[in-house]
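Q: coords please:
(4 chains)
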Number of protein chains: 4
Amino acid sequence: MGNFKGHALPGSFFLLFGLWWSVKYPLKYLCRKNKSACYLGSRAGFQRLEFVEGIIKAAFALIGMVAEQFVPDGPHLKLYNYEEQHWDHLMNWQHATMYLFYGISGLVDIVAHGTNTLPVAVDRMVLSLAVFIEGFLFCYHLHGRAMLDVHVHQLLLFAIFGGAVCIFLEVFFRGSIVLEMLRTSLCILQGSWLWQIGFVLYPPNGSPEWNQMDHTNMMFLTMCYCWHYAFAFLILAVNYAIVYCCLSKVRGVYSEVDLRKILCSL
Amino acid sequence: MGNFKGHALPGSFFLLFGLWWSVKYPLKYLCRKNKSACYLGSRAGFQRLEFVEGIIKAAFALIGMVAEQFVPDGPHLKLYNYEEQHWDHLMNWQHATMYLFYGISGLVDIVAHGTNTLPVAVDRMVLSLAVFIEGFLFCYHLHGRAMLDVHVHQLLLFAIFGGAVCIFLEVFFRGSIVLEMLRTSLCILQGSWLWQIGFVLYPPNGSPEWNQMDHTNMMFLTMCYCWHYAFAFLILAVNYAIVYCCLSKVRGVYSEVDLRKILCSL
Amino acid sequence: MGNFKGHALPGSFFLLFGLWWSVKYPLKYLCRKNKSACYLGSRAGFQRLEFVEGIIKAAFALIGMVAEQFVPDGPHLKLYNYEEQHWDHLMNWQHATMYLFYGISGLVDIVAHGTNTLPVAVDRMVLSLAVFIEGFLFCYHLHGRAMLDVHVHQLLLFAIFGGAVCIFLEVFFRGSIVLEMLRTSLCILQGSWLWQIGFVLYPPNGSPEWNQMDHTNMMFLTMCYCWHYAFAFLILAVNYAIVYCCLSKVRGVYSEVDLRKILCSL
Amino acid sequence: MGNFKGHALPGSFFLLFGLWWSVKYPLKYLCRKNKSACYLGSRAGFQRLEFVEGIIKAAFALIGMVAEQFVPDGPHLKLYNYEEQHWDHLMNWQHATMYLFYGISGLVDIVAHGTNTLPVAVDRMVLSLAVFIEGFLFCYHLHGRAMLDVHVHQLLLFAIFGGAVCIFLEVFFRGSIVLEMLRTSLCILQGSWLWQIGFVLYPPNGSPEWNQMDHTNMMFLTMCYCWHYAFAFLILAVNYAIVYCCLSKVRGVYSEVDLRKILCSL
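A: Sure thing, here's the model as predicted:
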């Protein structure tokens, strides 16, 4: 996937999840806070949401794995080239491995929230491990590349490992809105930075290439990374405000009894 | 800002905040402890203080950003020099980015303590991220400088990342006086060390320059850093003692009823 | 122990413990959850299990220590060769030291669960230290080896230090099923990876050796490590499912009273 | 203090404190556990102990500082040699700085346990910082020394930073016997290892010097470090057992009422 699309695609997945979480978690928090006035955020409803999220995650991971294997220049499940005595398309296999762990995380979500057989915190633990393994594989991925290439991927590692630590903490502080917002912001950061990497390393539309050896480019990108994070904060703030306003309006228009009826009829 | 003023100014900001916190947190702690005897430290009062702090923080950050952009040799919002094909005044932009995150932290403080819409611990989380990003940008700031220059900035990183971790812990142990004192001491340390860096790298009043390559200078400065920290402890101890004595006196002179009246009349 | 057996043997120990834990902890968790319906998982029963585990751990450690000392080309308790003025068989001594700490951990388990004299969390603390010291000795073990050799051992360190941190956390979050499962998965990973190291560095049955300097081999093994972990997840999932089904069946066939009788008669 | 005595002296201090703690903490734990039967471990009694400990700590630190300054070849409070334009006896100043922070920790102990003015957890926080600063100064102490010299000091850093983290955790998990035992073991380790360093780098009695460049020496010392730790465990275990037996006997001989009388008459 050493091209623009190969970075834009997973970047879009992360952005999508980040944006969705930036709506879901404020909604959950505000509903829990104004318990008496809000029937939207029932426990069962949110559990069903997590269940659906698990299915989508597993589906995305499956799509990613299949794509990595069966793109025209992919390995087509062949791991070792016996004729020429070397490993075949290791990059694609590594990416597929990353997706595999997100797939496992999706499966665990499905089982944990669809049935009552699993301890609930397991979903976060497995997600944390999936993110950690993504970062782990990235670390050993960068050997022998150009300086700027290594640098932009290293910056990505901050978002990845930060996310892994944050999700690990959620195992112990489950439902902490602050950690959930932090995770969301890091997820958006990862998504938007993957797009940025695509633009920097594989400039589309015939833009001139970046000078891989220029130190000022590195300094600019470090700063740019922070701006991406500020941008993630902005998205979080806007979505939080929208959710807050919508909830206030809903509560103004419908009485509690109406809401209960509407929700029961769904 | 590669000059004496450029280090003394942010240093003064940090010292100011550190000194203020070294009064505020003992006051808060001692008031909470002797609840029945003290009406100074009401919850609402401290919330208003945090609100004002947020405004001051945001104002300082704005001043910093404007100063970095519009000093005579600043970038004046120009990021890329298209004629000579290179980035323009990246240092100033990086400093402005640091201030930006403190500004965001100030805004979050204002919203979190001025209204009831945000979860309370968000203020600490964002402050922690602002401090972390300051350290993050510093890390990638030092490439290719002289040994002593790198060393004094590296020492600063201990105070910065120590502060970031400490504030992050406060998200989970909110209102822990010990963590608040630790944060205060690290903030004072950062402020006084920024002044020290100014004196070492840009000696004012025509003092002779420090030998950047002398290993004993490095060893002395490492030790000097510890003395700065001992000095921060001293300030904390003195201010704690003063606050303690004042509170005892106040309680001695006025009866509870008087205090209640005085405070109600404010 | 620089041969195939020297890696396969400890690997088998870890696999054995990992497999046992992958049955024990789900059993414990599910019994605790359906308290009223299950008498298998009584507190005393599990305490006795931990006691037996301690004995087995101590016995394994003793076997390991004796084997390291008295294999034909071992040191036979001789540490320093006074004639040739050099240390004797340091590798074997280092391995024996690793086993020593597992032995101590076993002894502590025996005392902590056999009597009531020790604070309970001490068993986890000592186990955590034993694992940490294993990793610590491994770190200083790798000096001057070939690239691939260093790499596969470094990968092992992730499992070891991850396990040490996980067990340390269990001191504070004792009985957390999620941490116990994480520990189990890391234990299985360590065991199966030790087998893998054996196959890579000392290929049995006359297979051709791996090229120690080929970078693609490193990349493949990094990925392979992740597959081992996915495999550990699979084992955990299968064993969890088996335990779950068995418990449901047991509860279906026997009434509570029967179970109580059966267990009392044991 | 680059001689045998300079390592044996602080080593003895640490050993002394470690040995004392290995008696005190089991005593405290066992008394708290058998509350009804034991009046030795009253809260006030232990608070007075901590107070005395603070005095001793501060006294030791003062002795250390004075010794470092006024030994015959010490700096005698002179920091800069203006004639030859270089820093004077920086090593001694650095050691004095280390002692200074232990002195501060002692003072804080005295105030925190002698009066009720300070929040209690502050004593651990300051001790943690004192230990951290010891390690911090050690880190920047080793520049340009021989390989073995650096290695044995690096090993010491594990005990130091491990201790700092452990004490920091005690701020949040105050009175956890497991953390207190861990701290005690690391303190003994530090003390006995300082003696070992003395024997390795400055062999007394005219023993032959160690070859500073021999890699097997490094490997042996790494292992030796682990043995020191096993030895620390042994001391802990023996002292725990002794305390346990003594307490059982005391309880057997005297009735509760007797004990109460004896203790009141003290």
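Q: Low-confidence ranges, chain A, go.
A: A:1, A:35-42, A:254-266 (pLDDT under 70).
Q: Show me the helices in it, by range?
A: Remark: helices assigned in chain A by DSSP state H are A:4-33, A:43-70, A:90-114, A:122-139, A:147-172, A:177-201, A:215-253, A:256-265.
Q: And the second one, what's buried?
A: In other words, helix A:43-70. Residues of helix A:43-70 classed as buried by neighbour count (16 or more other CB atoms under 10 Å in any protein chain shown): A:46, A:49-51, A:53-54, A:57-58, A:60-61, A:64-65, A:67-69. Every C-beta, even on glycine, is put in place using the N, C-alpha and C of the backbone.
Q: contacts with chain D among these, please.
A: Taking CB under 8 Å from any CB of the partner chain as the test, chain D is in contact with none of the buried residues of helix A:43-70.
Q: Got the phi and psi for the residue sitting furthest away from the middle of chain A?
A: The centre of chain A is farthest from one residue, A:Glu83, which by CA atoms, centre = their mean lies 39.1 Å away. Taking degrees, to the nearest 10, you get phi -70, psi -50 for the backbone angles of A:Glu83.
Q: which residues does it contact?
A: Contact analysis of A:Glu83 by CB atoms under 8 Å, 6 or more residues apart in numbering or on different chains lists nothing.
Q: Next, work out how far apart it and A:Phe233 are.
A: Plainly put, A:Glu83 is 53 Å away from A:Phe233 if you go by CB to CB, to the nearest Å.
Q: One more: A:Arg145?
A: 30 Å.
Q: which of the two has more neighbours?
A: A:Phe233 (19 against 13; other CB atoms under 10 Å in any protein chain shown).
Q: How about stretch A:131-148, which residues are buried there?
A: A:131-138, A:140-141, A:148.
Q: ends of that stretch, how far apart?
A: 23 Å (CA to CA, to the nearest Å).
Q: so does it get close to chain C?
A: Yes: residues of stretch A:131-148 contacting chain C under CB under 8 Å from any CB: A:133, A:136-137, A:140-141, A:143-144.
Q: now, which of these sits nearest D:Ser22?
A: Of all the residues of stretch A:131-148 next to chain C, D:Ser22 sits closest to A:Phe136, with 40.0 Å by CB to CB.
Q: residues touching the closest one, list them.
A: C:158, C:222, C:226.
Q: Any idea which residue of the stretch 151-266 of chain A lies closest to chain C?
A: Distances between the stretch 151-266 of chain A and chain C by CB to the nearest CB are smallest at A:Val171, namely 5.6 Å.
Q: ok, how many other residues are close to that residue?
A: When neighbours are counted by other CB under 10 Å, A:Val171 comes out with 21.
Q: and the gap between it and C:Val178?
A: A:Val171 is 6 Å from C:Val178, by CB to CB.
Q: And for A:Val253?
A: 42 Å.
Q: now A:Val152: how far from A:His215?
A: 14 Å.
Q: out of the two, which sits in the more crowded spot?
A: Neighbours were tallied for A:Val152 and for A:His215 using other CB under 10 Å; the higher tally belongs to A:Val152 (25 against 14).
Q: My read is that the more buried one contacts A:Leu221, right?
A: Yes: counting by CB atoms under 8 Å, A:Val152 touches A:Leu221, with 5.9 Å between them.
Q: hey, what's in contact with both of those two?
A: Counting by CB under 8 Å, 6+ apart, the residues touching both A:Val152 and A:Leu221 are A:196, A:200.
Q: ok, whatever residue of the stretch 51-200 of chain A ends up closest to chain D - how many residues close by?
A: Across the stretch 51-200 of chain A, no residue is closer to chain D than A:Phe172, which sits at 13.0 Å (CB to the nearest CB). Counted by other CB under 10 Å, the residues lying close to A:Phe172 total 17.
Q: now the nearest residue to it once chain neighbours are set aside: how far from A:Ser128?
A: Counting by CB to CB, 6 or more residues apart in numbering or on different chains, the nearest residue to A:Phe172 once its immediate chain neighbours are dropped is C:Phe173, at 6.6 Å. Applying CB to CB, the value for C:Phe173 to A:Ser128 is 15 Å.
Q: How about A:His7?
A: Distance, A:His7 to A:Ser128, using CB to CB: 23 Å.
Q: Equivalent analysis for A:Tyr140, please.
A: On the measure of CB to CB, A:Tyr140 and A:Ser128 end up 19 Å apart.
Q: likewise A:Cys166?
A: 8 Å.
Q: Repeat that for A:Phe51.
A: Distance from A:Phe51 to A:Ser128, by CB to CB: 19 Å.
Q: same deal with A:Leu201?
A: 28 Å.
Q: likewise A:Trp227?
A: 27 Å.
Q: who has more neighbours, those two?
A: A:Ser128 (22 against 14).
Q: who's in contact with that one?
A: Contacts of A:Ser128 (CB under 8 Å, 6+ apart): A:164-165, A:167-168, A:170-171.
Q: Between those, identify the one with the most neighbours.
A: A:Ile167 leads the contacts of A:Ser128 on contacts (other CB under 10 Å) with 26 neighbours.
Q: Give the full set of residues in contact with that one.
A: A:124, A:127-128, A:131, A:183.
Q: Quick check: A:Val126 touching A:Ser105?
A: Yes: A:Val126 lies in contact with A:Ser105 (CB under 8 Å); the separation is 4.8 Å.
Q: Write out the residues of chain A neighbouring chain B.
A: A:29, A:158, A:173, A:176-178, A:181-182, A:215-220, A:222-223, A:226-227, A:229-230, A:233, A:240, A:244.
Q: Drop anything exposed from those.
A: Buried among the residues of chain A next to chain B (16+ other CB under 10 Å): A:29, A:158, A:176-178, A:181-182, A:217-220, A:222-223, A:226, A:229-230, A:233, A:240, A:244.
Q: among the residues you listed, which are within reach of chain D?
A: Counting by CB under 8 Å from any CB, no member of these is near chain D.
Q: Skip the chain neighbours and tell me the closest residue to the residue nearest the centre of chain A.
A: Closest to where the C-alpha atoms of chain A average out (CA atoms, centre = their mean) is A:Phe14, at 3.5 Å. In space, and not counting its chain neighbours, A:Phe14 is closest to A:Gly191: 3.3 Å by CB to CB, 6+ apart.
Q: Name all residues that make contact with that neighbour.
A: Contacts of A:Gly191 (CB under 8 Å, 6+ apart): A:11-18.
Q: got it, and A:Gln212?
A: A:146-149.
Q: burial measure for the closest residue to A:Ile242 other than its chain neighbours, as a count.
A: Using CB to CB, 6+ apart and skipping the chain neighbours, the partner closest in space to A:Ile242 is A:Val23 (7.9 Å). A count of nearby residues for A:Val23, using other CB under 10 Å, gives 16.
Q: Name the surrounding residues that touch stretch A:137-152.
A: For stretch A:137-152, contacts defined as CB under 8 Å, 6+ apart pick out A:91, A:94, A:97-98, A:153-154, A:156-157, A:160, A:193, A:196-197, A:200-201, A:210-214, A:217-218, A:221-222, C:215, C:218-219, C:222-223, C:226.
Q: Same check on stretch A:86-93?
A: By CB under 8 Å, 6+ apart, stretch A:86-93 touches A:1-2, A:68-69, A:71, A:73-75, A:78-81, A:141, C:216-217, C:219-220, C:223.
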